[in-house]
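# no sequence for this one, just the structure:
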């Protein structure tokens, strides 16, 4: 398993196979600190999401991950991540870096469809 640090966002290259995984990371700074990160089996399985809803205030960015199934009028937020503006920008840069690496190996990612966000989520259609 390869672990890399890109602008403060730690990334794992492979999916964990162990029931309970402990990752030890060393951060180099003025002093050498060690941080232990543990991930349970449940969290390691992850959550599928095909929609991210992003909102922000002065102090934070909120990213809600949703799994929207075709023909289903209702969906639930599967996970919510709250970030400081600085960490949101670091995440943006880390995602851009990983997408570039992915596309260098696999070719350009093509977006085949225009995404339409169902804001009513199965409720009545809004009228003006």
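Perfect, thanks for sending it. Small disclaimer: the values here were computed from a predicted structure and weren't measured.
# Every contact and neighbour count from this point should use C-alpha atoms.
Fine.
# Let me know the average pLDDT across the longest helix anywhere in the chain.
Ranked by residue count under DSSP state H, the longest helix found in the chain is helix 85-106. Averaged over helix 85-106, pLDDT sits at 96.
# Check which helices and strands that helix is in contact with.
Judged by 3 or more Cα pairs under 8 Å, 6 or more residues apart in numbering; DSSP states H and E, helix 85-106 is in contact with strand 9-12.
# and residue 77, bridged to which residues?
For residue 77, the beta-bridge assignment (DSSP bridges) gives partners residue 66.
# Could you do the one 5 residues further on as well?
Using DSSP bridges, the beta-bridge partners of residue 82 come out as residue 62.
# how close does residue 57 sit to residue 109?
Per Cα to Cα, to the nearest Å, residue 57 is found 31 Å from residue 109.
# Kindly apply the preceding question to residue 58 instead.
Residue 58 is 32 Å from residue 109, where distance means Cα to Cα.
# Out of the two, name the residue with the larger neighbour count.
Taking other Cα atoms under 10 Å, residue 58 and residue 109 do not tie; residue 109 has more neighbours (10 against 7).
# pretty sure that one contacts residue 101?
No. Here residue 109 lies out of contact with residue 101, judged by Cα atoms under 8 Å, at a distance of 11.4 Å.
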